[in-house]
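Undergrad: Need a 3D model of the following:
(chains A and B)
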Amino acid sequence: MKTEDLISSLAADTAPSPAIAVETRLPGLLVLGLMVTALSFALVLGPRPDLATALANPMVLAKTLLPLLLAALALPLVLRDARPGARYGLPGTLIWAVPLAVLGLVVLAFLTVDPAERLRLFIGHSIPVCLPAITLLSLPMLAGLLVSLRRGAPVNPSRCGALAGLVAAGFATAIYSTFCIEDSPLFYGIWYSAGIGIATGLGALAGRHLLKW
Amino acid sequence: MNDRNALWGDLLRRGNAGDGAAYARFLTAALPVLRNIARARLSGGTAEEVEDVVQEALLAIHAKRHTWRETEPVTPWLYAIARYKCADAARRRRARGGHGGADVPIEDLAEVLPDEALGEITAARDLGQLLDRIDTRAADIVRSVGVAGESAGEVGARLGMTEGAVRVAYHRAMQRLKALADETNMQPGRDPDRQQLTGQEAETAVGRRR
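TA: This is a model prediction of the structure:
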């Protein structure tokens, strides 16, 4: 077919595009995923008994708030990434504050705790729960995000999937942190980040296959 | 550049609102730029390969026209789609082993006929088998237009689609079949997700006019 003929054919097909915008579809599916995650969490793990008092400690509050902030900042990025040529803008800069804050907390904890305690706090006792829990709790939201992102047109499907993983992992980690009683940044700063990294990597792999167009 | 954004943005805005003439002007105005991008990105590609990618980019622009936000400049959006489709094509070409290819006379540039592509596909693999792997309506259109030789108008009348929509669907199906034939030749295992996605896209293009 001649390219000029193709253009005429496309121009003859200008009924409004039936595709629903990603922005319209994404919130519902994300909330659905969040509900599945919250329900699974409540059934299997549940919050720690001393949650209210523990959250009065800023070091403990940070392990819930920082992943929440990460998710809130990654969400506009994933939406922008689904549109060709869009820029990340302010959230793209602000999101770096989260890893910097985590690094700051880890360094602070490293310097302030008794050197003999460092290794014990870092290893903790729940790595085999923490990593799989964060990954698994991310999956329902990651699935919801990926389904809605298929309406978009990400020019880098792996990156878009990774950002979706970051959103899902941020929320999942915030929820998981209310169960976890390891309150030293030497533990959560490292192992939560590792769990978020795993979920983000899964998102990139899934995006690479599912978000191609 | 800003003039171009203002003019093209206005045309695409009107096109997205249903003004076919403005939309045709937008695509026609973008065409030389798309060709330049494709030529630059597929260095060493034959004229036919370049034109194939240009057509894929046009189809992608059409299928994803709802992802342009009217408040944003249109050229970054347009070029990003073109670059994405070029990268895709370049990857496929490398995977095929990037044959050097004979030089194609310039007259061929405008005449990249789908029947030639059909020949390639039938030679590559049993066409029937490939047709089973795309969605049924697209397969029907390929059988009617490509094999039985019906005109796009006749097929459209039968399926309740405009002639233009049939041609778009046919072109899309051919691209898909070509890709399937390449995949099948390269490796027997295939990627069902990719296939489903493209089937769905073809469905949107085909179904819209009904």
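
Undergrad: what's the weakest-modelled helix or strand in chain B?
TA: Each helix and strand of chain B was given a mean pLDDT (mean pLDDT, DSSP states H and E); the minimum falls on helix B:192-207 at a mean of 43.

Undergrad: what's the closest non-adjacent residue to residue 151?
TA: Looking at chain A here, since you left the chain open. residue A:22 (5.0 Å; C-beta to C-beta, 6 or more residues apart in numbering or on different chains). To be clear about C-beta, it is placed using only N, CA and C from the backbone, and glycine gets the same treatment.

Undergrad: my bad, chain B
TA: In space, residue B:151 is closest to residue B:145, 7.6 Å off (C-beta to C-beta, 6+ apart).

Undergrad: same thing with residue B:150?
TA: That would be residue B:144: by C-beta to C-beta, 6+ apart, it lies 4.5 Å from residue B:150.

Undergrad: Please give me every residue in contact with that neighbour.
TA: With contact set as C-beta atoms under 8 Å, 6 or more residues apart in numbering or on different chains, residue B:144 has these partners: B:150, B:154, B:155, B:158.

Undergrad: secondary structure class for it?
TA: Under DSSP: H, G, I helix; E, B strand; the rest coil, residue B:144 falls in the helix class.

Undergrad: Find me the pLDDT at the residue nearest the centre of chain B, would you?
TA: Chain B has residue B:56 as the residue nearest its centroid, 3.2 Å off, counting by C-alpha atoms, centre = their mean. pLDDT recorded at residue B:56 is 92.

Undergrad: Ok, residue A:213 next?
TA: pLDDT, read off for residue A:213, is 90.

Undergrad: do you know how far it is from residue B:81?
TA: 10 Å (C-beta to C-beta, to the nearest Å).

Undergrad: out of those two, which sits in the busier spot?
TA: residue B:81 (27 against 22; other C-beta atoms under 10 Å in any protein chain shown).

Undergrad: is the helix or strand where the more buried one lies up against chain A anywhere?
TA: Secondary structure from DSSP states H and E places residue B:81 in helix B:74-96. Yes: counting by C-beta under 8 Å from any C-beta of the partner chain, contacts between helix B:74-96 and chain A involve B:75, B:76, B:77, B:78, B:79, B:80, B:81, B:83, B:84.

Undergrad: quick one: pLDDT of the second one?
TA: Per-residue confidence for residue B:76 comes out at a pLDDT of 94.

Undergrad: need the contact list for it.
TA: A:84, A:85, A:86.

Undergrad: hang on, the earlier thing: how many neighbours does the residue nearest to residue A:151 have?
TA: 22.

Undergrad: Identify the residues contacting it.
TA: A:79, A:82, A:83, A:148, A:149, A:151, A:152, B:67.

Undergrad: Closest one to residue B:35 out of these, please.
TA: residue B:67 (22.4 Å; C-beta to C-beta).

Undergrad: tell me, how many neighbours does residue 150 end up with?
TA: No chain was given, so I picked chain A. Neighbours of residue A:150 using other C-beta under 10 Å come to 23.

Undergrad: Sorry, I should have been clearer: chain B.
TA: When neighbours are counted by other C-beta under 10 Å, residue B:150 comes out with 17.

Undergrad: which residues of chain A fall in helices?
TA: For chain A, the helices defined by DSSP state H cover A:3-11, A:22-44, A:51-54, A:58-81, A:89-94, A:97-112, A:115-123, A:127-149, A:157-177, A:185-210.

Undergrad: no no, chain B
TA: B:2-16, B:20-41, B:47-63, B:74-96, B:114-124, B:127-131, B:136-141, B:152-159, B:163-186, B:192-207.

Undergrad: would you turn these into TSV with distance to residue A:168?
TA: Formatted as TSV, those follow (distance: least, C-beta to C-beta, whole Å):
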stretch	distance to residue A:168
helix B:2-16	32
helix B:20-41	33
helix B:47-63	27
helix B:74-96	24
helix B:114-124	40
helix B:127-131	37
helix B:136-141	34
helix B:152-159	41
helix B:163-186	31
helix B:192-207	19
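
Undergrad: quick one: residue A:150 from residue B:158, how far?
TA: Taking C-beta to C-beta, one finds residue A:150 at 31 Å from residue B:158.

Undergrad: re the thing from before, want to throw the contacts of residue A:22 into TSV with neighbour count, pLDDT and distance to residue B:170?
TA: Below are the contacts of residue A:22 laid out as TSV (neighbours: other C-beta atoms under 10 Å in any protein chain shown; pLDDT from 0 to 100; distance: C-beta to C-beta, whole Å):
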residue	neighbour count	pLDDT	distance to residue B:170
A:79	22	95	34
A:82	28	95	29
A:83	24	94	29
A:148	25	95	30
A:149	26	96	29
A:151	19	90	25
A:152	27	93	26
B:67	24	91	24
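
Undergrad: Farthest-apart pair in the residues of helix B:74-96 next to chain A, please.
TA: B:75 and B:84 (14.6 Å).

Undergrad: When these two are compared, which one has more neighbours?
TA: Higher neighbour count among residue B:75 and residue B:84: residue B:84, with 22 against 17, using other C-beta under 10 Å.

Undergrad: Would you list the phi and psi of the nearest residue to the more buried one once chain neighbours are set aside?
TA: Nearest non-adjacent residue to residue B:84, counting by C-beta to C-beta, 6+ apart: residue A:155, 4.2 Å away. Dihedral pair for residue A:155: phi -80, psi -10, per degrees, to the nearest 10.
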